[in-house]
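**Q** Dropping a prediction and its sequence here:
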Number of protein chains: 2
Amino acid sequence: MIGEPPDAYVGQEFSTRHSAHKAGVHRPLQAGICGTKATGAESIVLSGGYKDDEDYGNVVVYTGHGGQDSSKNQVADQTLEDSGNAALVTSYLEGLLVRVLRGAHKDSKYAPKSGYRYDGLFRVTSYGSKLGIDDHLIWQFRLEACEGTPIPAPVEAAGLPAVDELPFEGDSDQPAAGSETPDRVTTTVQRIVRSSVVKRQVKAWHDNQCQVCALRIEVPGGSYSEGAHIQALGSPHNGPDITANVLCLCPNCHVMLDAGAIVLSDDLIVIKAGSEMGPLRTHPRHKIDLNCVRQHRERWRQ
Amino acid sequence: MIGEPPDAYVGQEFSTRHSAHKAGVHRPLQAGICGTKATGAESIVLSGGYKDDEDYGNVVVYTGHGGQDSSKNQVADQTLEDSGNAALVTSYLEGLLVRVLRGAHKDSKYAPKSGYRYDGLFRVTSYGSKLGIDDHLIWQFRLEACEGTPIPAPVEAAGLPAVDELPFEGDSDQPAAGSETPDRVTTTVQRIVRSSVVKRQVKAWHDNQCQVCALRIEVPGGSYSEGAHIQALGSPHNGPDITANVLCLCPNCHVMLDAGAIVLSDDLIVIKAGSEMGPLRTHPRHKIDLNCVRQHRERWRQ
């Protein structure tokens, strides 16, 4: 259920949460976050329920769930134990896309005038905690519109910041949606890791523990690893996109695998600078394609 | 001189190498690669000089420099010691954009009919070595057109593969330029690292050695690190894009810094899970802004 909903289009309006639910945009009828720590967040609702929220159209600062009384005052600290907050951390760590539903409210000029509107896919680009306006700890998640997600036309109102005042995150994967062409001269992409169903399966088998160095990177609310193709996809390498051609690695070992600083022997010993470093960590359900191992090794035969 | 040339547009044709030189597209008059290990590759020329080259329009498999006789036969092994080849490795490691100039030749349907044509910015997405057609070791670099770089109209000819036969690299940072919308449901960006002048300066001071764990990732032809903002850019963190707010880190420590698994004390001690891990590595010219350090630490006050 991650990604574009099958029966709704970006910009589609819904008179009620129930109709957005039926269209598969946001399934819960009450909760603002749909998802769990295991699955990541499918969707969120921006409807002005949290005083610390910020909405810049293509960038949203979204306050996590919990700690409010019935009058929407923050009366207790939020935690990452909360299932919805943990879901957003998983979305950050896994790079999952999150559907955003905006509801009518007065604090955002990007909110619809009434009801709800599906505003497309966003990505969680950072998160952190702070003392909120009500002096309790809150968790906040920065979400950025994905490439191709349009910015809704703003409703002009006094006291709201103009769009062009806003600074954007230099580490995001793209210029803010709808902005001008990025400065391709001074800022370039150094490294990108794509996530996919195949990679997620391998990472799940190994529970984010690196198959080369055994490190599991623990961060507040989760752990992190990367899926790495052994034999690279695309010409000239033409590796297959199957679990038998993917390893679960920490980012450092991923960089080294991709650049040939580590290779594998046919009996799955890790070789670094010509020296055997020890066996690759394995999982009973994770078969490795030795043809891919050989193709990768041959790529660095200097 | 990296990036778009000031006096040329994508698709512009040049009758000679000299006119492409004058326009700042490709400065050398003979060499196919412009650049050094220190600077990265500014530009390359695709003109059919190497039998193992492949040209798919938006993806190019480019053979490195060296080892040829005057009849363009490969008579010796290529190496990464060659300045041009080393430049392309730097472009890969740093994520630098490379200008591509295509020259007329019969082996690519994307080549111009005569003279040369500037075909825009590409990125090196992988590299490796293999035995070439002439049975000597060659290095090859896969380059992909950047977003916004158009594919030239192909000249149809017998024996050349059709565009839609080609598989593309799943790990690239974007769908191939000119292709359909990416599958946003199943493949998402997990992590992206942007490079910039500010980050490159910090990485140069530290010679790619991680300021937290002291690791320098060595790969064939170079070493790798990442520039990491301490206080994140953009709302709600709003950190400045200055060297005093950037650290040189290995990818693993970068992930941990971004997700609050490591923070710094005001006397620049690295703190991981509440324990002091030792001092941050420093460089005399690299001042750290303690305000940024505090803002980052406060972001993880749970």
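**A** Structure's in. What do you need? Residues are numbered from 1 along each chain as shown, chains lettered A, B, ... in the order given.

**Q** contacts and neighbour counts: CA atoms only from here.
**A** Fine.

**Q** what stretches of chain A score poorly on pLDDT?
**A** Along chain A, segments meeting pLDDT under 70 span A:157-186, A:302.

**Q** any idea which helix is longest in it?
**A** Looking across chain A with DSSP state H, the single longest helix is helix A:83-94.

**Q** The helix or strand following that helix and chain B in contact?
**A** Next in sequence after helix A:83-94, counting helices and strands by DSSP states H and E, comes strand A:97-103. Yes. Under the criterion of Cα under 8 Å from any Cα of the partner chain, chain B is reached by strand A:97-103 at residue A:97.

**Q** Give the other helices and strands that strand A:97-103 contacts.
**A** If you count contacts as 3 or more Cα pairs under 8 Å, 6 or more residues apart in numbering or on different chains; DSSP states H and E, strand A:97-103 packs onto strand A:40-46, strand A:116-131.

**Q** How about the residues of the stretch 201-302 of chain A by chain B?
**A** So far as Cα under 8 Å from any Cα goes, the stretch 201-302 of chain A lies against chain B at A:217-220, A:232-236, A:238, A:250-252, A:256, A:258-261, A:298-302.

**Q** tell me the SS of residue A:297?
**A** helix (DSSP: H, G, I helix; E, B strand; the rest coil).

**Q** Does it touch residue A:268 like I think?
**A** No. Between residue A:297 and residue A:268 there is no contact under Cα atoms under 8 Å: 11.4 Å.

**Q** that older thread, dump the helices and strands packed on strand A:97-103 to TSV, plus mean neighbour count.
**A** TSV is the format used below for these (neighbours: other Cα atoms under 10 Å in any protein chain shown):
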stretch	mean neighbour count
strand A:40-46	26
strand A:116-131	25
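
**Q** Present those as TSV; the columns should include distance to chain B.
**A** Formatted as TSV, the helices and strands packed on strand A:97-103 follow (distance: least, Cα to the nearest Cα, whole Å):
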stretch	distance to chain B
strand A:40-46	11
strand A:116-131	5
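
**Q** how about JSON lines for those, with distance to residue B:119 added?
**A** Putting the helices and strands packed on strand A:97-103 into JSON lines (distance: least, Cα to Cα, whole Å) gives the following:
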{"stretch": "strand A:40-46", "distance to residue B:119": "40"}
{"stretch": "strand A:116-131", "distance to residue B:119": "32"}
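
**Q** tell me the contacts of the residue nearest to the spatial centre of chain A?
**A** Among the residues of chain A, the one closest to the centroid is residue A:95, at 2.4 Å (Cα atoms, centre = their mean). For residue A:95, the contact set (Cα atoms under 8 Å, 6 or more residues apart in numbering or on different chains) comprises A:123-124, A:194-195, B:188-191.

**Q** same deal with residue A:200?
**A** Residue A:200 makes contacts with residue A:227, as judged by Cα under 8 Å, 6+ apart.

**Q** okay, the angle between whichever strand or helix holds it and helix A:83-94?
**A** For residue A:200, the host element (DSSP H and E) is helix A:197-205. Computed by axes from the mean of the first three to the mean of the last three Cα atoms, to 10 degrees, the angle separating helix A:197-205 from helix A:83-94 equals 110 degrees.

**Q** Residue A:248 bridge partners, please.
**A** Beta bridges link residue A:248 to residue A:227 when assigned by DSSP bridges.

**Q** Give me the neighbour count for it.
**A** When neighbours are counted by other Cα atoms under 10 Å in any protein chain shown, residue A:248 registers 30.

**Q** quick one: the helices in the stretch 151-300 of chain A?
**A** With DSSP state H, counting those that start in this stretch, the ranges of helices along the stretch 151-300 of chain A come out as A:197-205, A:251-258, A:290-298.

**Q** Highest mean neighbour count out of the ones you listed?
**A** helix A:251-258 (a mean of 22; mean count of other Cα atoms under 10 Å in any protein chain shown).

**Q** could I get it in PDB with only the CA atoms?
**A** Presented in PDB, the C-alpha positions along helix A:251-258 are these (Å, rounded to 0.1, in the frame of the first residue of the first chain):
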ATOM      1  CA  PRO A 251      27.100   2.000   3.600                       C
ATOM      2  CA  ASN A 252      30.900   1.700   3.900                       C
ATOM      3  CA  CYS A 253      31.000  -1.900   2.700                       C
ATOM      4  CA  HIS A 254      28.500  -0.900  -0.100                       C
ATOM      5  CA  VAL A 255      30.900   1.800  -1.300                       C
ATOM      6  CA  MET A 256      33.800  -0.700  -1.200                       C
ATOM      7  CA  LEU A 257      31.800  -3.400  -3.100                       C
ATOM      8  CA  ASP A 258      30.700  -1.000  -5.800                       C
END
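
**Q** which other helices and strands contact it?
**A** When contacts are defined as 3+ Cα pairs under 8 Å, 6+ apart, helix A:251-258 sits against strand A:226-229, strand A:262-264, strand B:217-219, helix B:251-258.

**Q** again, 6 Å this time
**A** Packing partners of helix A:251-258 (3 or more Cα pairs under 6 Å, 6 or more residues apart in numbering or on different chains; DSSP states H and E): helix B:251-258.

**Q** ok now the helix it packs on, how far from the chain's centre?
**A** 20 Å (Cα atoms, centre = their mean, to the nearest Å).

**Q** Not counting its neighbours along the chain, what's nearest whichever residue of the stretch 101-250 of chain A sits closest to chain B?
**A** Closest residue of the stretch 101-250 of chain A to chain B, Cα to the nearest Cα: residue A:190 (3.7 Å). Leaving aside its chain neighbours, residue A:190 sits nearest to residue B:95 (3.7 Å; criterion: Cα to Cα, 6 or more residues apart in numbering or on different chains).

**Q** gap between that neighbour and residue B:250?
**A** 15 Å (Cα to Cα, to the nearest Å).

**Q** and what of residue A:114?
**A** Between residue A:114 and residue B:250 the computed distance is 48 Å (Cα to Cα).

**Q** quick one: which of those two has more around it?
**A** When residue A:114 is set against residue B:250 and neighbours are counted by other Cα under 10 Å, the residue ahead is residue B:250, at 26 against 14.

**Q** In contact with that one, which residues?
**A** Neighbouring residues of residue B:250 by Cα atoms under 6 Å, 6 or more residues apart in numbering or on different chains: B:210, B:225.

**Q** On the strand side of things, show who residue A:144 bridges to.
**A** Residue A:144 has these beta-bridge partners by DSSP bridges: residue A:59, residue A:123.

**Q** gap between residue A:37 and chain B?
**A** Separation of residue A:37 from chain B (Cα to the nearest Cα, to the nearest Å): 16 Å.

**Q** who's in contact with that residue?
**A** Contacts here follow Cα under 6 Å, 6+ apart; on that basis residue A:37 touches A:86-87, A:90.

**Q** Leaving out chain neighbours, which residue sits closest to it?
**A** Closest to residue A:37 by Cα to Cα, 6+ apart is residue A:87, at 4.2 Å.
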